[in-house]
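Chemist: Need a 3D model of the sequence below.
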Amino acid sequence: ETLGHEGIVHGASIEELAAAWAQAEAEYEQIAESQGVEEDHANLFQGGDAVQRFSQPYEFMNKAETTETTNNMNWMDEGMKHFRSGDLKEAIRSFEMELQLNNPDNATAW
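Modeler: All right, here's what the predicted structure looks like:
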């Protein structure tokens, strides 16, 4: 069936998907080898300590300064309000404040 472009779109069998994946991997390996890439940086989890070698601690863009006002803020609510309104910069700022001032393990804020 044609969907408004030059290509024909149809369901792919598992064999076709496996072949396409194998082709993509072979192309990636060829490019990586031609560019002298010794380690696969596209896939950080390679077993062993590979993740540790490439991990860096997150650096907050907005350093929290504690004041009475900042301590009493509900930074998650504030962040979600900004997120819903499309103000991503302020949402990120609020989530960072939540992580720095209230709960550094808040998975939702991360």
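Chemist: What is the least confident helix or strand in the protein?
Modeler: Ranking every helix and strand in the chain by mean pLDDT, DSSP states H and E puts helix 50-54 at the bottom, with a mean of 52.
Chemist: Output the below-cut-off pLDDT ranges for the protein.
Modeler: Confidence mapping of the chain against pLDDT under 70 gives the ranges 1-10, 37-56, 68-70.
Chemist: mind listing the helices in it by residue range?
Modeler: 14-34, 50-54, 68-71, 75-85, 88-97 (DSSP state H).
Chemist: Alpha carbons of the last one, as CSV, please.
Modeler: Okay, so that is helix 88-97. C-alpha atoms of helix 88-97 as CSV (Å, rounded to 0.1, in the frame of the first residue of the first chain):
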residue,chain,number,x,y,z
LEU,A,88,10.9,23.5,29.7
LYS,A,89,13.7,25.8,30.9
GLU,A,90,11.8,26.7,34.1
ALA,A,91,10.6,23.1,34.5
ILE,A,92,14.2,21.8,34.4
ARG,A,93,15.2,24.6,36.9
SER,A,94,12.4,23.6,39.3
PHE,A,95,13.2,19.8,39.0
GLU,A,96,16.9,20.6,39.7
MET,A,97,15.9,22.6,42.8
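Chemist: Which residues does it contact?
Modeler: 60-62, 64, 70, 73, 75-76, 78-80, 82-83, 109-110 (CB atoms under 8 Å, 6 or more residues apart in numbering). The way it works is simple: take the backbone N, C-alpha and C, and place the C-beta from them, glycine included.
Chemist: Please identify the buried residues of it?
Modeler: Within helix 88-97, the residues scored as buried using 16 or more other CB atoms under 10 Å are Glu90, Ala91, Ile92, Arg93, Ser94, Phe95, Glu96, Met97.
Chemist: And it, how far out from the chain middle?
Modeler: Its chain's C-alpha centre and that of helix 88-97 lie 16 Å apart, by CA atoms, centre = their mean, to the nearest Å.
Chemist: can you check the first one too?
Modeler: In this view, helix 14-34 has its centroid 23 Å away from the chain centroid, taken as CA atoms, centre = their mean.
Chemist: and if you look at stretch 102-110?
Modeler: On CA atoms, centre = their mean, the centre of stretch 102-110 falls 16 Å from the chain's centre.
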